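Engineer: with the input below, show me the fold.
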Amino acid sequence: MCSVLGRVRTAQRIASHTLRLRSITEGSACALTESRRFYSGLNSFIEPSRDSRRLYCASMAMRQGLLFKQLFESESCTYTYLLADTETKDAVIIDPVLEKLDRDVKLVQELGLNLTVAVNTHCHADHITSTGLMKKRILGLKSAISKFSGASADIQLSEGDKIPFGKHYLVVKETPGHTDGCSTLVLDDELMAFTGDALLIRGCGRTDFQQGSSSKLYDSIHQKIFTLPEQCLIYPAHDYLGQTVSTVGEERKLNPRLTKSKEEFIKIMDNLNLPKPKKIDIAVPANLVCGLHGI
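Structural biologist: The predicted structure is shown next:
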């Protein structure tokens, strides 16, 4: 059996060779090709390349006793993440999407997991969360979101809070800028970070609505995310180009927006001229009440 250090180095090498430099435009359509279309309910591609298979295996193997699933919703290009302790079966889910409620509940049941917390990284504007309806179908499930989001939830999260699942836990880092209530969730050993819309792969969340602030976002990323270990894997809430994972080291060196000075970054963000998210008028009111508004 390979050592923990060997697994980490393998994950780092694979992650660093999987991605290609390209700037993300948040308002663009999902540019996923037919050959890379996701199965519903699975975190592997229909015909995965050798690199993507190895990347997934490395992600699963990097930590003994950790089950990890990366799931996808194609309309909003949203990633949902499921993490569980393989011994206790306690689990958490991050950024679940309403349209994939049946898929996610079925997966939890198939794996025999005890899903304890459904957490949103922020109050989303491009899709409706499934946390409210998921609570009706999974006994004992609690919802969680930042206390600065303005949204209702069973757990109001603050800086440094821990979300436990078995012997593992996620640490909350407040990373406002895209919205006031954005949080990044970091695995306890700092090998994985779920950055929501704050840091994307070769991009970042837009700052032109929902209390957006380019200055805050720049500081949040540089002070809270870029200070994590270089090999820490970055898992965003969205990707529009079919990319699945990056690393802190890669984004510090290659992110076309965040390698600029703060002044240059603010200028870039002020001139994106992106269209308004199509679902913002229904998604935000719904997400303020766990996705149950009008349902």
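Engineer: which helices and strands does the one helix or strand Leu115 maps to pack with?
Structural biologist: When elements are assigned from DSSP states H and E, Leu115 belongs to strand 114-119. Applying 3 or more Cβ pairs under 8 Å, 6 or more residues apart in numbering; DSSP states H and E, one finds that strand 114-119 makes contact with strand 90-94, helix 131-137, strand 142-146, strand 155-157, strand 162-165. All C-beta spots, glycine's among them, are computed from the backbone N, C-alpha and C.
Engineer: and whichever helix or strand comes after the first one, what's buried?
Structural biologist: The helix or strand immediately downstream of strand 90-94 is helix 101-110, counting by DSSP H and E. Buried residues in helix 101-110, counted by 16 or more other Cβ atoms under 10 Å: Leu101, Arg103, Asp104, Val105, Leu107, Val108.
Engineer: quick one: helix 101-110 to chain centroid distance?
Structural biologist: 18 Å (Cα atoms, centre = their mean, to the nearest Å).
Engineer: per-residue confidence averaged over that helix?
Structural biologist: Average pLDDT, helix 101-110: 98.
Engineer: for Asn120, see how far away Leu185 is.
Structural biologist: To Asn120, Leu185 is 10 Å away according to Cβ to Cβ, to the nearest Å.
Engineer: okay, and the common contacts of those two?
Structural biologist: Contact criterion Cβ atoms under 8 Å, 6 or more residues apart in numbering; residues shared by Leu185 and Asn120: Ile94.
Engineer: about what we covered before: in TSV, list the buried residues of helix 101-110 along with distance to Asp126.
Structural biologist: As requested, those are exported to TSV (distance: Cβ to Cβ, whole Å):
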residue	distance to Asp126
Leu101	17
Arg103	18
Asp104	18
Val105	22
Leu107	23
Val108	24
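Engineer: quick one, helices of the stretch 151-295 of the chain?
Structural biologist: 214-220, 248-254, 262-270, 280-287 (DSSP state H, counting those that start in this stretch).
Engineer: of those, which is nearest Gly132?
Structural biologist: Closest to Gly132 of the helices of the stretch 151-295 of the chain is helix 280-287 (Cβ to Cβ; 8.5 Å).
Engineer: any idea how far the closest one is from the chain center?
Structural biologist: Its chain's average C-alpha position is 19 Å from that of helix 280-287, according to Cα atoms, centre = their mean.
Engineer: pLDDT of that helix, averaged?
Structural biologist: Here the average pLDDT along helix 280-287 is 94.
Engineer: what do you get for stretch 157-172?
Structural biologist: 98.
Engineer: okay, and the beta partners of the residue lying closest to Ala193 once chain neighbours are set aside?
Structural biologist: Leaving aside its chain neighbours, Ala193 sits nearest to Val186 (4.8 Å; criterion: Cβ to Cβ, 6 or more residues apart in numbering). On the basis of DSSP bridges, Val186 is bridged to Val171, Ala193.
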